[in-house]
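>>> coords please:
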Amino acid sequence: MRAMVAASKHVSFDELCSGLGCKDVYHPRTPSCLASVWDMNQRSMKGCIQLFASVYALQLILHRRKINREYLKHHAKNYARTVLAGNLASTFSVIFCCTSRRLLGGFYRYTVLFLPTMLSAFAVVLERREKKEIYLCSLITMTVEYVIRHLARTGRLQLTKLRMCASFMLLNTAAMYLMRCNSIEMLSGINYWPFIPPRVEKRSCKRREDSDQTDCKTSVCNHSGSCWRHVFQEATKYLLLGMAVQMLRVLLPQFRRVVVHPAEQLQNLCVLKNFSLAMFFGSYVGIYHAVVCLLSQLRGQDSEVHAVPAGFLAGSAFWFYPKLTTLLMVGTTVFQQLTKRGQALGVVPRSDFLMNCIFAFFLGAMFHCRIVDQEICHPVFVSMMNAISGGRDEECRAVYLRLRDNYQKR
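Numbers count the residues shown, from 1 in each chain. Here you go, the predicted structure:
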């Protein structure tokens, strides 16, 4: 671990790590490596059960209309697979850490955290392909965000609200157009961006059962009823969704205070900044549908090209919620849609092994950054790793900080 501190001091890794054992770096609570593996397994299992129980419970609430006996059985099986994958990844990380030190005879820069975490991350093979896709998209987003924040911290990149808004508008244009052009098969599974634009519906005619006459669709838009009513309904739906998500993000970390002092916490909740996500989602969806309907009425038909101006103008809603994570999410969505199109055309290989390798690499890199440079890591990743490892990553972080402070005092 001290090797990670030495990079800026130009001191050899072997000199800094001399005399340190596994218990000094990986498992300070347990002197034995075998006891450490068992301790990690128990703590990780408890953390994974608690973490993924809330995630899968939320999925049940969102898909409550599909709930039946078969759905619950399938849901329970997926929950068990996710818990087992997280537990095996955490347990094998300790095994690979201790084994690499014994085989190599010491600690080195990338064998301390990166390599063991990357190897243990192959436990993701237990997950379904759809879940692995969303995991990989999330990791790519958080890794790119870390790199951008690192460049901004060193002064090599300036993050301004105007630049991020312009970038979001351009990326959102590409994302909306690709999702509208892609087939239903390409859009199947789990999509990374929460809003999926409706596809273009061709005019269709149906023959009446009681006569030879046919009824043809006269509306040029892909919805029924008034356009203004449709825009208002969709905007309101996503406005309420953004409000619910923002409230959960604010209230869940302070759940005990909400129970003890509900009036005080609800008063703190009614702040304008807590409605920024709702304003973003509501205006984003409303502007998109309004532009698509307007162009369809003017041209007399719906088209995939309408997603270009609609996506560009809807991207201006980013001004209400100028977060780097939101910008990178839509960028990752473009990457996801391009990958699906490439797989459909046979240009990009549809390989589970390749996906597992990419996932393992990004997880190893992010966990390394989480320990040595937590300040600019995404807080969601920090919380996830803390829950899955049962708090072991916090112990590694504490060891790293102690070694760094001791070296700086020399």
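>>> quick one: residue 304 and residue 200 touch, right?
Yes: look at residue 304 against residue 200 with Cβ atoms under 8 Å: they come within range, at 5.7 Å. No exception for glycine: its C-beta is placed from N, CA and C like everyone else's.
>>> overlap in contacts of the two?
Residues touching both residue 304 and residue 200 (Cβ atoms under 8 Å, 6 or more residues apart in numbering): residue 180.
>>> For stretch 238-248, what is the distance to the chain centroid?
17 Å (Cα atoms, centre = their mean, to the nearest Å).
>>> I'd like the numbering to begin with 23 instead of 1 from here.
From this message on, residue numbering opens at 23, which makes the last subject stretch 260-270.
>>> So which bits of it are buried?
260-261, 263-265, 268-269 (16 or more other Cβ atoms under 10 Å).
>>> and those residues, which of them are in helices?
260-261, 263-265, 268-269 (DSSP state H).
>>> in the stretch 73-222 of the chain, which ranges drop under the pLDDT threshold?
Scanning the stretch 73-222 of the chain for pLDDT under 70 picks out 84, 205-212.
>>> mind listing the helices in it by residue range?
Counting by DSSP state H, counting those that start in this stretch, the stretch 73-222 of the chain has these helices, from start to end: 91-126, 136-142, 151-175, 183-203, 206-209.
>>> before we move on, what about the stretch 223-372 of the chain?
249-273, 277-282, 284-291, 298-321, 329-336, 346-367.
>>> So what are the structural domains in the chain, by residue number?
The chain breaks down into these domains under automatic domain parsing: 24-179+374-430, 183-222+237-367.
>>> Pull out the buried positions in stretch 48-60.
Neighbour counts over stretch 48-60 (16+ other Cβ under 10 Å) mark 48-49, 52, 55, 58-59 as buried.
>>> ok, of these, which one's closest to residue 333?
Residue 333 has its nearest neighbour among the buried residues of stretch 48-60 in residue 48, at 47.8 Å by Cβ to Cβ.
>>> hang on, the earlier thing: so which of the helices of the stretch 73-222 of the chain is nearest residue 69?
The nearest among those, by Cβ to Cβ, is helix 91-126 at 8.0 Å.
>>> Now do that closest one and helix 151-175, the angle between them.
Taking axes from the mean of the first three to the mean of the last three Cα atoms, to 10 degrees, helix 91-126 and helix 151-175 form an angle of 50 degrees between their directions.
>>> Tell me which other helices or strands helix 91-126 touches.
helix 44-47, helix 55-84, helix 136-142, helix 401-410 (3 or more Cβ pairs under 8 Å, 6 or more residues apart in numbering; DSSP states H and E).
>>> Provide a list of residues in contact with the residue positioned nearest the centre of the chain.
In the chain, the residue lying closest to the centroid (Cα atoms, centre = their mean) is residue 160, at 3.0 Å. Residue 160 sits next to residue 214 when contact means Cβ under 8 Å, 6+ apart.
>>> I'd like the buried residues of stretch 48-60 written out as JSON lines, with distance to residue 427 and pLDDT added.
Listed next are those as JSON lines, based on distance: Cβ to Cβ, whole Å; pLDDT from 0 to 100:
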{"residue": "48", "distance to residue 427": "19", "pLDDT": "76"}
{"residue": "49", "distance to residue 427": "21", "pLDDT": "77"}
{"residue": "52", "distance to residue 427": "24", "pLDDT": "80"}
{"residue": "55", "distance to residue 427": "26", "pLDDT": "84"}
{"residue": "58", "distance to residue 427": "24", "pLDDT": "88"}
{"residue": "59", "distance to residue 427": "29", "pLDDT": "89"}
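>>> Need those residues in TSV (columns: distance to residue 78).
As requested, those are exported to TSV (distance: Cβ to Cβ, whole Å):
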residue	distance to residue 78
48	31
49	30
52	31
55	33
58	29
59	27
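>>> Residue 402: which of these is nearest?
The nearest one, if we look at these relative to residue 402 and count by Cβ to Cβ, is residue 48, at 24.6 Å.
>>> Now the closest one: closest residue in space, sequence neighbours ignored.
Leaving aside its sequence neighbours, residue 48 sits nearest to residue 119 (Cβ to Cβ, 6 or more residues apart in numbering; 4.9 Å).
>>> before we move on, what about residue 377?
Leaving out its chain neighbours, the residue that sits closest to residue 377 by Cβ to Cβ, 6+ apart is residue 154, at 5.7 Å.
>>> tally of neighbours for the one you found?
Using other Cβ atoms under 10 Å, residue 154 has 20 neighbouring residues.
>>> Same question for residue 425.
Neighbours of residue 425 (other Cβ under 10 Å): 21.
>>> pLDDT at it, what is it?
Looking at residue 425, its pLDDT is 75.
>>> got the angle for the host helix or strand of it vs helix 91-126?
Assessed by DSSP states H and E, residue 425 sits inside helix 414-430. Inter-element angle recorded for helix 414-430 and helix 91-126: 30 degrees (by the same axes, to 10 degrees).
>>> buried sites along helix 414-430?
By 16+ other Cβ under 10 Å, the buried positions in helix 414-430 come out as 414-415, 417-419, 421-422, 425-426.
>>> what residue ranges in the stretch 323-432 of the chain are flagged as low confidence?
Checking the stretch 323-432 of the chain against pLDDT under 70 turns up 429-432.
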